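S.K.: how would this look folded up:
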Amino acid sequence: MTSGARVLRVETAQPYDVVIGRGLRERVLDLVGPDAARVAIIHAPSVADRATALRMPLADAGVAVRVIEVPDAEQAKTASVLTECWRVLGEAGFTRSDVVIGLGGGATTDLAGFVAATWLRGVRFVNVPTTVLGMVDAAVGGKTGINTAQGKNLVGAFHEPAGVLCDLDALRTLSAREVRSGLAEIVKCGFIADPSILDLVESDPRAAADVRSSVLAELIGKGIAVKASTVRGDLRESGGSGGAIGREALNYGHTLGHAIEREEAYAIRHGEAISVGMVFVAELARAEGLIDDALVDRHRAALDLVGLPTAYRADAWPRLLESMRLDKKTRGSTLRFVVLEGLGSPRILPVTDELQLRDAYRAVSA
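M.R.: As a prediction, this is how the structure comes out:
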């Protein structure tokens, strides 16, 4: 094991390891396993150099490697890109013992996972996330998919990775804006499950956003631990046991957030959009009498500390409402939101009253 590496075990029906540390390139061999004759590395242009570096230990071990470059960010998550990946796998003769690697941010790993889920009805894949957001969100949990013109992640499959490699050295080239986007998902984990995350962010926000700091490394580990614990009992988002909300808790802030992303044609960062979404559902919960003013204020304060937005355009509301009707949590004409009924205590709130939603949005309107 690489010195200093931390391993988190995700205990689902097909358990796998998440390896977190620095200088972990060689560990990809452990996660790929000895049976793969071929590996496809799917990556965005921004991490082409890392794809070349990752190829080296695989090629040295006698594995035939195909490198597939896909567009950056959400532009990769389309049916046409998916079809092109299938073409490459077919021409390379990929079999069920071979492996797909997703190298990059959350959009790339979402796509790579769906390629693996659909090729030969499912082959193994390994995620190697290179952003904070990718590490704490998309790379763990087995959700894979692509977007359509109607919305985000509407086509996909549950397909768990064989392993996840989080090399913190990959974060050194990220922009400050990209780091902040990932911090939104970490802060979310603080509100829904682990308040110690909020304490860390609030006590030293500068270190929380510093890719070289031990504070950010600790926050990433805590965020991944929340994700792993949450998906363990509810992989397919069918609901937790004993009346618990289950995996849907991870969608805190995402219903409005996804609508904002679509409104912006995905030019906005995911974390920026869900940051506004978290404040929106906090306002919704306050109006329902579920949480107090102090907890709503803490949402704004924590997100402000790391430079994330907490408001969005007032004029966008009619289009955002229409987009939210396509959210996966919606049932018939009832919109369902993940809200808090206390710090670390999420629940689902069904809402049919558009005026109630509009009032909550007014509180986050710029």
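S.K.: and Leu165, which of the three is it?
M.R.: Assigned by DSSP: H, G, I helix; E, B strand; the rest coil, the conformation of Leu165 is strand.
S.K.: ignore the last one, Ile20
M.R.: strand.
S.K.: for Arg313, what are phi and psi?
M.R.: In terms of degrees, to the nearest 10, the main-chain angles of Arg313 are phi -60, psi 130.
S.K.: how near is it to Leu183?
M.R.: As judged by CB to CB, to the nearest Å, Arg313 and Leu183 stand 23 Å apart. (Glycine included, C-beta is placed from N, CA and C.)
S.K.: okay, the two: which has more neighbours?
M.R.: For Arg313 and Leu183, the more surrounded residue by other CB atoms under 10 Å is Leu183, and the numbers stand at 30 against 13.
S.K.: give the partner strands of the longest strand along the chain in its sheet and their orientations.
M.R.: Taking DSSP state E as the criterion, the chain has its longest strand at strand 151-158. Looking at strand 151-158 with DSSP bridges, its partner strands are strand 143-148 (antiparallel).
S.K.: residues making contact with the strand it pairs with?
M.R.: Residues outside strand 143-148 that contact it (CB atoms under 8 Å, 6 or more residues apart in numbering) are 74, 77-79, 81-82, 110-114, 116-117, 153-159, 266.
S.K.: just the buried members of those residues?
M.R.: Among those, those scoring as buried are 74, 77-78, 81-82, 110-114, 116-117, 153, 156, 158-159, 266 (criterion: 16 or more other CB atoms under 10 Å).
S.K.: ok, Pro318 to Glu354 distance?
M.R.: Pro318 is 10 Å from Glu354, by CB to CB.
S.K.: in which helix or strand would I find Phe280?
M.R.: Phe280 is part of helix 270-287, with elements assigned from DSSP states H and E.
S.K.: so which elements touch that helix?
M.R.: Applying 3 or more CB pairs under 8 Å, 6 or more residues apart in numbering; DSSP states H and E, we find helix 270-287 packed against helix 176-192, helix 254-263, helix 293-305, strand 335-340, strand 346-351, helix 354-362.
S.K.: mind checking the SS state of Val39?
M.R.: Going by three-state DSSP, the secondary structure assigned to Val39 is strand.
S.K.: 838 is where my numbering starts, stick with that
M.R.: In the new count, where the first residue is 838, that last one comes out as Val876.
S.K.: and it, what is it in contact with?
M.R.: Val876 makes contact with Val869, Leu895, Val900, Ala901, Val902, Arg903, Asp935, Val936, Val937, Ile938, according to CB under 8 Å, 6+ apart.
S.K.: ok, Ile1097 next?
M.R.: Ile1097 makes contact with Ile1105, Ala1110, Val1113, Gly1114, Tyr1149, Ala1153, Leu1157, according to CB under 8 Å, 6+ apart.
S.K.: thinking again about what came up before, in helices only, show me the buried ones among the contacts of strand 980-985.
M.R.: With DSSP state H as the criterion, helices contain Val918, Leu919, Asp947, Leu948, Ala949, Gly950, Phe951, Ala953, Ala954 from among the buried ones among the contacts of strand 980-985.
S.K.: just send those back as CSV, with distance to Gly858 too.
M.R.: Formatted as CSV, these follow (distance: CB to CB, whole Å):
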residue, distance to Gly858
Val918, 31
Leu919, 32
Asp947, 24
Leu948, 25
Ala949, 22
Gly950, 22
Phe951, 27
Ala953, 24
Ala954, 28
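S.K.: need those in a markdown table (columns: pLDDT).
M.R.: Shown next, in a markdown table, are those (pLDDT from 0 to 100):
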| residue | pLDDT |
| --- | --- |
| Val918 | 96 |
| Leu919 | 97 |
| Asp947 | 94 |
| Leu948 | 96 |
| Ala949 | 96 |
| Gly950 | 96 |
| Phe951 | 96 |
| Ala953 | 97 |
| Ala954 | 96 |
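S.K.: figure out how far stretch 915-926 is from the centre of its chain.
M.R.: On the basis of CA atoms, centre = their mean, to the nearest Å, stretch 915-926 sits 22 Å off its chain's mean C-alpha point.
S.K.: what do you get for stretch 979-991?
M.R.: The answer for stretch 979-991 is 13 Å, by CA atoms, centre = their mean.
S.K.: mind listing what's buried along that stretch?
M.R.: Buried residues in stretch 979-991 (16+ other CB under 10 Å): Gly979, Lys980, Thr981, Gly982, Ile983, Asn984, Gly988, Lys989, Asn990.
S.K.: what of stretch 912-930?
M.R.: By neighbour count on 16+ other CB under 10 Å, the buried set for stretch 912-930 is Ala913, Lys914, Thr915, Val918, Leu919, Cys922, Leu926, Ala929.
S.K.: the last one against Val904, yeah?
M.R.: No: in terms of CB atoms under 8 Å, Ala929 does not count as a neighbour of Val904; the distance is 10.9 Å.
S.K.: shared neighbours, these two?
M.R.: Residues touching both Ala929 and Val904 by CB under 8 Å, 6+ apart: Ala877.
S.K.: just to revisit the earlier point, farthest-apart pair in the buried residues of stretch 979-991, please.
M.R.: Every pair in the buried residues of stretch 979-991 was compared (CB to CB); the two farthest apart turn out to be Gly979 and Gly988, at 20.2 Å.
S.K.: alright, I will stop here.
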